[in-house]
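Enquirer: Whatever this is, show me its structure:
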Amino acid sequence: MKVLVITHHRLIGHFNGAVTRIRHLAEQLACRGADVSICAYISPKFRPIAPRELVPGCQYFEVRNQLQWGDGFFSYFGLPPYSTTSFLNRLMPLSHLKRPLYDVVISESPFLWQIAKRVSGRIKVLSAHNHEAAYHDTFSSRALALLRQNEFQAIREADGIVSVAEIDAQVFRSINPQVPIFTVPNGFERLAPPLLESKKQISAQLKNRWGIPPNHQVALLIASNSKHNQRGLKALKSLFSKSELQSRWTLLVVGDVQTCDSLPNNVIACGLQPDLVP
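Expert: A predicted model of the protein is given here:
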């Protein structure tokens, strides 16, 4: 099975929810026998890196999307990120693709749907990391017009949708009741051979590294500094401040989400981490 995955994120050396999700999906398909190609439409500010194999059967290459220059300009007028580019991607030349007939074409977010729909493929899948119209709820409805139009079109035209959460799946289903929707929560699945250490040893090493009491359960929040993640951390801070959780639970906060000095003792800001395994 030949699979093309298109993304607007650089998957090498970057670490956030969208990057890890689409890379994980592509690598898992390759590990299950698919012939996977990933085309990353990166910002024109970056220089494309040389193509490489991420895992056996999963090839990765980058293409500059010059249309993204417009996003920087239109952001001054209060438009959300990618909304202009997602609309203009219908003009993006596809000469960089070898133009085989793919069995499956996966568009990472609706921002690339105008490219995905023009690629030769038997099945077109939308991998929705967010319900974008709700994710950008801080913008006015007028500013969201292009983004919402593109997202609704992708949902209506897709042969299948992969969503993160059931709450998003319900919204997608209300827009297109016929489309098959598969909810695959964000998570972490190790591709390498199992660790030699026992789970108890790993847990002890983790707790020792971050000064966590031996009797505590550990929760993990991975978050960038977006507004919705700031709201999420604020809610978790309130939750973990309760006495019944302070005696039994520790929350590790990983990423560049903005924290404050008034975090309870059982909420630890770990900052950016290049690798989740350690």
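
Enquirer: hang on, residue 233 is in a helix, isn't it?
Expert: Yes: under DSSP: H, G, I helix; E, B strand; the rest coil, residue 233 sits within a helix.

Enquirer: Not counting its neighbours along the chain, what's nearest it?
Expert: Distance criterion Cβ to Cβ, 6 or more residues apart in numbering; nearest residue to residue 233, sequence neighbours excluded, is residue 257 at 5.6 Å. Using the backbone N, CA and C atoms, a C-beta is placed for each residue, glycine as well.

Enquirer: these two touch, right, that neighbour and residue 225?
Expert: Yes: the pair residue 257 / residue 225 is scored as a contact, 5.1 Å apart, by Cβ atoms under 8 Å.

Enquirer: Neighbour count: the two, which is higher?
Expert: Neighbours were counted for residue 257 and for residue 225 using other Cβ atoms under 10 Å; residue 257 has more, 18 against 12.

Enquirer: which ones are touching residue 258?
Expert: Neighbour list for residue 258: 225, 230 [criterion: Cβ atoms under 8 Å, 6 or more residues apart in numbering].

Enquirer: Just give me the neighbour total for residue 252.
Expert: Around residue 252 there are 17 residues (other Cβ under 10 Å).

Enquirer: Quick check: it touching residue 270?
Expert: Yes: with contacts counted by Cβ under 8 Å, residue 252 reaches residue 270, the gap being 5.4 Å.

Enquirer: any residues in contact with both of the two?
Expert: With Cβ under 8 Å, 6+ apart as the test, residue 252 and residue 270 both reach residue 210.

Enquirer: Flag every buried residue along stretch 34-46.
Expert: Going by neighbour count (16 or more other Cβ atoms under 10 Å), the buried part of stretch 34-46 is 34, 35, 36, 37, 38, 39, 40, 41, 42, 43.

Enquirer: From those, which land in strands?
Expert: 35, 36, 37, 38, 39, 40, 41, 42 (DSSP state E).
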